[in-house]
Structures are given as structure tokens and as C-alpha cells.
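S.K.: Predicted structure and sequence below. I'll ask about it afterward.
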Amino acid sequence: MPSPHSKIPLLSIAAGMALSLPGTAGAVTLTSLKGMEFAGSYGSYAPRGDCSQEVRLVIDESGFTFRASGRTVKSARFEYAASFLGPTYEGISAVFFPFPVNDSDFGQVIMTVNDDEKRGVVRLDADVPRGQRLDPFKAALVAGSPLLLCKGSAPAVAPTRAAPSRPPAAGKPTPLSWANLSSSVGKFQSDSDQNGIDLLTSGPVADAIRTRLGAKMQALGVNLSVVSPLQRQGSFYWATGNAPHQGGVEQAYVLLDASHRAVQVGLWEKGKLTVYAPQGGRIPVPQDIARLLADSPPEDAVALPGTPWEVVPVQGRPPIAYVDAAASPNIKSFSLFCEGNRPMMAVLLNKPAASPRVTVTWNFAGGLVDVPTGRANTQGTFWQANLTGSPLIPMLLRQTGSVMLRINSRLEGEVLLTGAPAALRSAMRTCLKL
């Protein structure tokens with residue numbers, strides 16, 4: 001077996017905790033669809049568009065109502081996976097987890113509205129580890145999928161006309177200085193609102209940030225397009241944000257140490273973090289930023305789109321097919337290799353994982369491949385799976401572009417598929433006929 005210290009992938013999970021991602025990167029918790037621009041998908045859905053059947057779905061402003069196996073279930077809370085289809089996706093499909101269990105478990109059903117870019121089509125997929133089954137209610141919904149908009153089905157709630165937006169208040173925001181930090185807590189960065197603050201363009205704080213970032217000021221501005229208000233913990237002040245729909249990939253934080261008039265900026269570009277710290281050393285981060293760092297790609301992450309697959313020689317045994325994960329909070333790399341006559345997958349994590357088993361999901365354009373994966377070292381950073389009978393390698397051989405990754409339903413960046421066929425044919429020839 002290849003050594004855990006060689007070029008082999010590892011899964012990373014915070015020690016003693018389930019793997020998790022920030023809401024902006026993974027999913028957004030909703031209790032209704034009001035104001036979410038999904039009114040064009042409202043209506044009743046059923047297999048073949050026949051609403052006389054037992055399996056039915058109603059989408060309206062209040063959310064989702066499911067009917068199957070003699071039961072009706074209304075979604076009181078669900079997860080909108082805004083980044084599920086990739087950070088640059090601009091199509092009409094939308095992915096939801098309609099039956100979340102808790103904040104760290106999004107449930108065992110994935111629902112795609114406007115599936116395959118087709119309006120009026122809803123697909124429900126099971127997302128369960130191998131050997132487990134859905135309960136009868138959810139199994140009936142998945143078995144009836146895809147669901148089509150029923151003929152003559154009018155939207156359950158007509159789209160409402162958005163209220164006209166108010167023009168911004170006249171005047172300019174207040175330039176942020178070291179003297180007015182405390183009075184600026186709770187205010188937002190703004191370009192034109194006189195009630196807002198100017199964090200990035202004028203004033204002593206903006207000058208200090210510019211000195212630290214130089215040419216990266218423009219990137220910081222973009223990555224704070226959706227920004228938190230200024231927050232405080234003792235003498236530390238900060239704001240966090242991201243580019244629209246780019247949480248976990250294009251995001252940033254600005255941390256101010258009022259006692260020393262020092263600035264620290266964390267800037268994620270293409271899913272890789274760079275920290276611009278004061279010359280005297282890094283500022284200790286408050287809990288809010290610590291959580292952001294734990295749930296986001298680290299400084300040693302590979303930037304999107306990732307690197308091609310490569311063949312890595314191993315002395316005394318067949319080579320391995322190796323690829324880095326890109327923009328992943330926890331996965332460092334994957335290695336596929338032959339262990340005797342068994343095809344194997346190894347995963348290297350950049351943080352230890354406490355759970356004895358996790359499910360690694362490869363989200364291809366044509367479907368999901370779940371790989372149950374077990375811990376293979378005491379540190380919880382090296383994981384392995386037997387791929388005998390798995391469709392993973394055939395999918396890697398025929399797919400192009402990139403594949404999205406998940407661990408236990410949490411987004412985990414991407415893997416570039418360039419070079420996968422050649423690397424796999426070289427590495428797997430002793431245990432598979434490819």
C-alpha cells in the first residue's frame with residue numbers, strides 16, 4: 001500500500017466534528033420561496049405530468065408539498081444548494097435538499113428543479129450510502145421521478161410584482177478611521193449611502209488596507225460585494241463577504257486591530273486563500289473568522305480549475321493515478337491504484353476527521369457516484385475505499401471538464417478531469433481491463 005506520506009489524497013474534517021461548509025458555500029436554509037425568483041416553477045408536478053397519480057409535488061411561495069404512500073409532507077425548512085452546480089453556473093436548474101435532518105445533515109434526497117435545463121421537470125435522487133435504503137415515503141418520490149408539470153396546472157401562487165426599490169440616500173458614506181470604528185459597528189460598506197461606511201476607497205483605514213494589498217484592492221472590492229456589517233470583539237473589528245453567488249471561492253475578510261492600528265486581509269481567489277498580514281505578524285482572528293477559515297479552502301488549497309491527473313511512480317509496485325482537489329475546504333488529493341487485484345481509492349485530507357466512515361460523492365454531469373470511504377490511519381487524514389464494482393472509474397474515463405465533490409452531502413470543491421483516462425489506464429492496468 002502507498003505510504004500516507006506519499007502523494008496520496010486525504011479527506012479533512014474538523015477533529016471531533018462532522019464535516020461542514022459555510023452556508024454561502026454549501027447551502028442556504030430557507031423556510032419559503034418568497035422573493036427567491038422561483039415563481040416561474042410554481043405549480044403541481046407528478047409522474048408524466050398526470051396529477052391523478054399518487055406521487056405529487058406542489059411548488060409554491062411557501063415551499064414544497066410532497067404526496068406519496070398515503071402521506072402529505074409540507075417542507076417547513078429546506079436547503080437551497082446555491083453552489084451545487086458550480087461557482088460559474090448560470091443556467092435555470094436549481095438544487096434543493098428538501099428533507100434536511102439538521103445543520104450538518106442535509107438528508108438523503110436531492111431535488112433538482114428545471115432538471116437538465118428543462119422547465120417543468122423536477123428530478124429527485126437518492127443520496128444514501130451503499131447498503132442503506134430510503135424510507136418508503138422518500139423511496140416512492142424517487143421512484144416516481146422525474147416529475148413533470150401537470151397540464152393545466154396554474155401556479156399555486158401567482159408571481160408578485162416586486163416593490164419599487166427606494167433610491168439610495170443622498171450623500172456619501174463615512175470614511176472609516178481608527179477613531180470612528182466603535183461608532184461604525186453594525187454599519188455596512190457602501191458606495192453611496194450616507195448612513196454607510198467607506199471601508200475601501202477613502203479614509204485612514206482604506207489607506208492602510210491599500211498599503212497591505214496594493215494591486216489586489218480591486219479583487220478585494222469584488223469579493224466584498226455581498227458583505228457583513230462591521231463587527232467587533234474587544235479591540236478587533238472585522239467584516240466578511242463574498243462575490244455574488246461565489247461564497248467559498250471568491251470571498252474575503254478584513255480584520256482591524258484598533259490597539260495597534262494594524263490590518264489583516266484574507267482573500268480567497270479561485271478557491272485559494274492568501275493572507276495579507278501586518279509586518280509584525282498575524283493578528284489573532286476572532287471566533288467568527290475562525291469559523292470561516294475552518295469551513296473554507298485553506299492557504300495550501302489548489303486554485304480552480306485544478307491540475308491535470310498525473311502518473312506517480314511507486315517503487316516495487318504499479319504506479320498510482322493522482323490528482324489534486326481544487327478549492328476544497330478539506331480534501332487535498334485523490335490517488336487511484338491497484339492493491340493486488342482490487343481497484344482502490346485513497347483520499348488525503350488537510351485536517352483530521354474523527355468519523356470512522358464518510359461518503360465521498362463525485363457529482364458528474366451525468367449523475368452521482370457515492371463512494372463509502374473508511375479511515376486508514378490513526379490521525380484521520382488518510383482514507384481508503386475499495387472500488388470493486390463502483391462506476392467511478394468508468395465515469396472518470398468518459399467524462400470531460402470537471403467533477404464536483406462532496407463529503408456527506410457537503411460541497412468539497414472540484415477535480416479537473418484533464419488527463420484522467422491516460423493516468424487511469426496506466427495505473428489500473430494490473431487490476432482492471434480498461
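M.R.: That came through, no problem.
S.K.: how close does the nearest residue to Ile110 once chain neighbours are set aside get to Pro298?
M.R.: Sequence neighbours aside, Asp125 is the residue nearest to Ile110 in space, at 4.7 Å (criterion: Cβ to Cβ, 6 or more residues apart in numbering). C-beta coordinates here come from the backbone N, C-alpha and C atoms, glycine included. Per Cβ to Cβ, to the nearest Å, Asp125 is found 30 Å from Pro298.
S.K.: now Ser259
M.R.: Ser259 sits at a distance of 28 Å from Pro298 (criterion: Cβ to Cβ).
S.K.: When these two are compared, which one has more neighbours?
M.R.: For Ser259 against Pro298, the residue with the higher neighbour count under other Cβ atoms under 10 Å is Pro298, and the figures read 17 against 10.
S.K.: Do I have it right that that one meets Pro329?
M.R.: Yes - taking Cβ atoms under 8 Å as the contact criterion, Pro298 and Pro329 are neighbours in contact, 7.4 Å apart.
S.K.: which stretches of the stretch 251-400 of the chain form helices?
M.R.: Counting by DSSP state H, counting those that start in this stretch, the stretch 251-400 of the chain forms helices over residues 287-294, 392-398, given from the N-terminal end onward.
S.K.: which other helices and strands contact the first one?
M.R.: Read that as helix 287-294. Packed against helix 287-294 by the contact rule (3 or more Cβ pairs under 8 Å, 6 or more residues apart in numbering; DSSP states H and E) you find strand 231-233, strand 236-242, strand 251-257, strand 262-269.
S.K.: what do you get if the cut-off is 10 Å, keeping everything else the same?
M.R.: Helix 287-294 makes packing contacts with strand 231-233, strand 236-242, strand 251-257, strand 262-269, strand 272-276 when contacts are defined by 3 or more Cβ pairs under 10 Å, 6 or more residues apart in numbering; DSSP states H and E.
S.K.: helices and strands of this protein: which one bottoms out on pLDDT?
M.R.: Across the helices and strands of the chain, the lowest-confidence element by mean pLDDT, DSSP states H and E is strand 28-30, at a mean of 80.
S.K.: next SSE after that strand?
M.R.: Proceeding N to C from strand 28-30, the next assigned helix or strand is strand 43-47, under DSSP states H and E.
S.K.: name the element Ala206 belongs to?
M.R.: According to DSSP H and E, Ala206 maps onto helix 204-213.
S.K.: List the contacts of that helix.
M.R.: The contact list for helix 204-213 (Cβ atoms under 10 Å, 6 or more residues apart in numbering) reads 175-181, 184, 197-201, 203, 216-217, 219-220, 237, 252, 254, 256, 258, 261-265, 267, 274, 276-279.
S.K.: The least confident helix or strand of the chain: which residues count as buried?
M.R.: Within strand 28-30, no residue is scored as buried using 16 or more other Cβ atoms under 10 Å.
S.K.: tell me what it is packed against?
M.R.: Identification of packing neighbours for strand 28-30 by 3+ Cβ pairs under 10 Å, 6+ apart yields strand 78-80, strand 94-97.
S.K.: Tell me the buried residues in the helix or strand that the longest one is followed by?
M.R.: Along the chain past strand 94-97, the next helix or strand (assigned with DSSP H and E) turns out to be strand 109-113. Along strand 109-113, the positions that meet the burial threshold by neighbour count (16+ other Cβ under 10 Å) are Val109, Ile110, Met111, Thr112, Val113.
S.K.: now for strand 109-113, which elements pack on it?
M.R.: Using 3+ Cβ pairs under 10 Å, 6+ apart, the elements in contact with strand 109-113 are strand 56-60, strand 63-68, strand 94-97, strand 121-126, helix 136-144.
S.K.: thinking again about what came up before, hey, least reliable of the helices of the stretch 251-400 of the chain by pLDDT?
M.R.: Here the lowest mean pLDDT among the helices of the stretch 251-400 of the chain goes to helix 287-294, at a mean of 93.
S.K.: Now do it: distance to the chain's middle.
M.R.: Between the centre of helix 287-294 and the centre of its host chain there is 16 Å, according to Cα atoms, centre = their mean, to the nearest Å.
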